[in-house]
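In: fold the following for me, if possible:
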Amino acid sequence: MEQPLDLVEARAISKKEISSRPTAVDAAIDLTGGTAGGFATVVVGQPLDTVKVKLQTFPTLYRNAFHCFKQTYAQDGLFHGLYAGTVPSMAANIAENAVLFCFYGMCQKLVATARQKHDIKDLNPLDNAFAGCGAAFFSSFALCPTELIKCRLQAMREMATQGQYKGDLSRLKMGPWGLTREILHKEGISGLYKGLTSTFLREMPGYFVFFGGYEISKVLLTPKDGDKENIGILRTIICGGVGGASLWIVIFPADVVKSRIQIQSAGGGITPTFTSTILHIFRTEGIAALYNGLGPTLVRTFPATGALFLAYETTKKYLSRFYDGTFG
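Out: As a prediction, this is how the structure comes out:
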């Protein structure tokens, strides 16, 4: 059945407007959308992220995720316990997602050029997955330092009680800026990039399935004769949740190793390598230890990643409309 002429013309105009926007403008829109998404995901998901890090790095101290959640709240409260590391986490997520989505848009255009497609809307889920993988390389440089600070703040109590820090529990009062200054003073800039290799190994395959899962879900949930870029709030949240769950299931062992390296290197000395750390975990704790904290992570993923994509897509849509209406 032929589509109505006005619908065909509207889509043609839409494609013309999208393709005529300067690359710098599209990059700025993606950057702003990623920033909004990073803010939203931390607000929604930080408490369970704290539980995840504690279970990954000190698996013998807690019986399960609920026990960890309850103990953390009882000992340190909401803001100093479950929301510990929120400032660096906010910085990490905003920096990562701003850079990620900025380069995602650029990588989409590169993939479209390589695939001889005129518009990024013509890319299939596999094309978008490769674009996400490429974007993750760049976002890893923004993520690693802030993620390191976040992890150490989240596990500060456990590190102090286990003797990984000199001093007593007064260290729990240390904030992100104080910890950053301490690392820079003792270890220099390189101290903030411990775990970078693990971050690459986590982020690049992770965002391949992240964007691939998101785009496949959008295709499957788009109504017949509908537009996959306008599927509504609930479907967007579901698609984001599917993408997030796909990411964590694939990357979780690498995330455990990254967290261990960033925590264990806190006392100075030689930083353990990715290979030595994963072999040590496998030999001493078993393969199941590589999935410690996966439960709360998956529980967190649907609302947090749904909030990420909802904020990103909404911000991108309105900024695009504003630019096209003002300068188009």
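In: list the contacts of residue 32.
Out: Under the criterion of C-beta atoms under 8 Å, 6 or more residues apart in numbering, the contact list for residue 32 reads 98, 315-316, 319. Just so you know, the C-beta spots here come from the backbone N, C-alpha and C atoms, and that holds for glycine as well.
In: and for residue 277?
Out: For residue 277, the set of contacting residues under the criterion of C-beta under 8 Å, 6+ apart consists of 257, 260-261, 264.
In: quick revisit: out of the contacts of residue 32, who's nearest residue 216?
Out: Taking C-beta to C-beta as the measure, residue 316 is the one of these closest to residue 216, at 19.8 Å.
In: gap between that closest one and residue 323?
Out: With distances taken as C-beta to C-beta, to the nearest Å, residue 316 is found 11 Å from residue 323.
In: so what sits against both of these two?
Out: A shared contact of residue 316 and residue 323, defined by C-beta under 8 Å, 6+ apart, is any residue touching both; here these are residue 29.
In: more crowded one of these two?
Out: The residue with more neighbours, out of residue 316 and residue 323 and counting by other C-beta atoms under 10 Å, is residue 316; that gives 21 against 17.
In: not counting sequence-adjacent ones, nearest residue to the more buried one?
Out: Nearest non-adjacent residue to residue 316, counting by C-beta to C-beta, 6 or more residues apart in numbering: residue 33, 4.0 Å away.
In: backbone dihedrals for the one you found, both of them.
Out: Torsion angles at residue 33 (phi, psi; degrees, to the nearest 10) stand at phi -60, psi -40.
In: now swap in residue 58 and tell me
Out: Torsion angles at residue 58 (phi, psi; degrees, to the nearest 10) stand at phi -130, psi 60.
In: can you get me a residue count around it?
Out: When neighbours are counted by other C-beta under 10 Å, residue 58 registers 18.
In: so it sits right up against residue 157, yeah?
Out: No - at 9.4 Å, residue 58 and residue 157 do not qualify as touching, with contact defined as C-beta atoms under 8 Å.
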